[in-house]
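A.B. asks: One predicted model, sequence on top.
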Amino acid sequence: MKKDSQIKKLEILVVAGGWSNEREISLMSGKNIFQCLEKNNFKVKFFDLSKKNIHLIFKNKPQLIFNALHGEFGEDGGLPYLAKKSKTPITHSNDLTSALCFNKRLLKLFLKKELNVLSPKEYKFKDKINFPIISKPNWGGSSKGISIIYDPKKISKIKFKEDILNEEVIRGKELTVTIIEDGNSTKALGVTEIEFDSQHYDYKSKYTKGKSRHHIPARISYLENKNILTLSKKIFSLCRCQSIARLDFILSKKNKKFYFLEINTHPGLTKLSLAPEQALHQDLNYLNLLKKIIISSL
């Protein structure tokens with residue numbers, strides 16, 4: 001493991017912003033990262049990405065890019081691909097892993113085939129639909145663009161498109177697990193159970209203080225806790241994720257089985273985000289979490 005003195009010599013460029021619908025959250029994450037590293041005497045610069053200034057990222061000749069982008073270009077493999085071409089180290093997962101994990105449908109099919117992982121049933125155009133259903137973007141995060149349709153009379157409003165997932169609603173406990181690379185191994189930071197008052201864990205619930213309640217550790221049995229941690233580490237390794245990722249599940253109230261929802265290869269690093277909260281529960285403060293992300297990327 002590299003010592004503080006070694007990683008503090010690195011010229012780090014925190015890239016945030018971008019043009020996805022998660023720009024606002026990316027800027028919050030990025031500024032948090034930048035301020036923490038700057039305060040602790042790292043050689044760090046902040047870069048607010050737009051479509052017009054992509055070429056300037058590598059003009060800066062950073063020794064490491066801290067990829068704080070969410071959504072399109074950062075999380076789908078775009079920036080990791082450019083970094084690979086320019087031989088510049090970058091945090092988080094590589095371009096191929098990012099592209100796979102960004103496509104929820106493709107990822108669920110892959111995990112079903114390789115690990116027989118359960119996920120909510122997807123309804124196609126000619127399927128008999130059991131309401132309610134949840135309709136959400138096939139790619140993207142922060143719970144944007146999600147709606148629950150209860151009324152069969154509103155079936156005409158359901159869009160059957162490549163970029164939309166229409167799935168059965170699984171009732172139960174919403175759970176999330178953060179996995180990090182720690183030296184030569186992967187480490188689970190625990191299981192958080194999320195309670196919220198809205199119909200689903202939406203944008204407002206995620207990023208408004210007091211709109212959701214986090215239970216760490218989750219209120220599940222010892223065996224359920226052990227099983228979800230084992231499964232999360234298997235998925236992380238199978239997908240060849242790097243640095244950090246957060247995996248979301250529902251523990252079904254009906255059959256007590258875990259249903260995989262998605263993997264977030266760029267989990268939020270804001271003051272209200274789940275990953276730093278889980279890290280702190282493991283006595284890993286925000287700065288040391290960032291250090292582990294940096295070290296795993298070199």
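C.D. replies: Looks like it arrived, so ask away. Note that the coordinates shown come from a computational prediction; the quantities given were computed from them, not determined experimentally.
A.B. asks: Going by C-alpha atoms from here, please, whenever you check contacts or count neighbours.
C.D. replies: OK.
A.B. asks: Show me the beta-bridge partners of the nearest residue to Q63 once chain neighbours are set aside.
C.D. replies: Nearest residue to Q63 in three dimensions, chain neighbours excluded: E11, at 5.1 Å (Cα to Cα, 6 or more residues apart in numbering). With DSSP bridges as the criterion, E11 is bridged to K43.
A.B. asks: and E11, what does it touch?
C.D. replies: F42, K43, V44, K45, P62, Q63, L64 (Cα atoms under 8 Å, 6 or more residues apart in numbering).
A.B. asks: does the third one really touch I33, like I thought?
C.D. replies: Which is V44. No. Contact criterion Cα atoms under 8 Å: V44 and I33 do not qualify, at 9.7 Å.
A.B. asks: Report all helices and strands that the host helix or strand of S29 contacts.
C.D. replies: Per DSSP states H and E, S29 falls inside helix 23-39. When contacts are defined as 3 or more Cα pairs under 8 Å, 6 or more residues apart in numbering; DSSP states H and E, helix 23-39 packs onto strand 11-17, strand 43-49, helix 286-295.
A.B. asks: now that helix against strand 43-49, angle please.
C.D. replies: Interaxial angle, helix 23-39 versus strand 43-49 (axes from the mean of the first three to the mean of the last three Cα atoms, to 10 degrees): 170 degrees.
A.B. asks: Look up how far E168 lies from F131.
C.D. replies: Distance of F131 to E168, given as Cα to Cα, to the nearest Å: 7 Å.
A.B. asks: if you count what's nearby, which of those two comes out ahead?
C.D. replies: Each of F131 and E168 has its neighbours counted (other Cα atoms under 10 Å); E168 has more, 19 against 15.
A.B. asks: quick revisit: average model confidence for the helix holding S29?
C.D. replies: Across helix 23-39, pLDDT averages out at 97.
A.B. asks: Just the buried positions in it, please.
C.D. replies: 23-34, 36-37 (16 or more other Cα atoms under 10 Å).
A.B. asks: Can you tell me the closest non-neighbouring residue to L229?
C.D. replies: A188 (6.5 Å).
A.B. asks: Where does the one you found sit: helix, strand or coil?
C.D. replies: strand (DSSP: H, G, I helix; E, B strand; the rest coil).
A.B. asks: pretty sure it contacts N225?
C.D. replies: No. Applying Cα under 8 Å as the test, A188 and N225 come out as separate, 11.0 Å apart.
A.B. asks: which one of these two has more residues nearby?
C.D. replies: Under the criterion of other Cα under 10 Å, the comparison of A188 against N225 puts A188 first, with 22 against 15.
A.B. asks: Confirm I235 sits in a helix?
C.D. replies: Yes. Assessed by three-state DSSP, I235 belongs to a helix.
A.B. asks: how many neighbours does it have?
C.D. replies: Neighbours of I235 using other Cα under 10 Å come to 19.
A.B. asks: separation between it and G74?
C.D. replies: 21 Å.
A.B. asks: do the same with C239
C.D. replies: Distance check for C239 against G74: by Cα to Cα, it reads 17 Å.
A.B. asks: Please, where are all the strands along the stretch 1-150 of the chain?
C.D. replies: Counting by DSSP state E, counting those that start in this stretch, residue ranges of the strands within the stretch 1-150 of the chain are 11-17, 43-49, 64-67, 133-137, 147-149.
A.B. asks: Okay, and the nearest residue to H215 once chain neighbours are set aside sits in which element?
C.D. replies: Distances taken as Cα to Cα, 6+ apart put E193 closest to H215, at 5.0 Å, once the chain neighbours are dropped. For E193, the host element (DSSP H and E) is strand 185-196.
A.B. asks: E181 now?
C.D. replies: strand 172-182.
A.B. asks: Just checking: what are the partner strands of that strand?
C.D. replies: Here, using DSSP bridges, strand 172-182 pairs with strand 185-196 (antiparallel), strand 244-252 (antiparallel).
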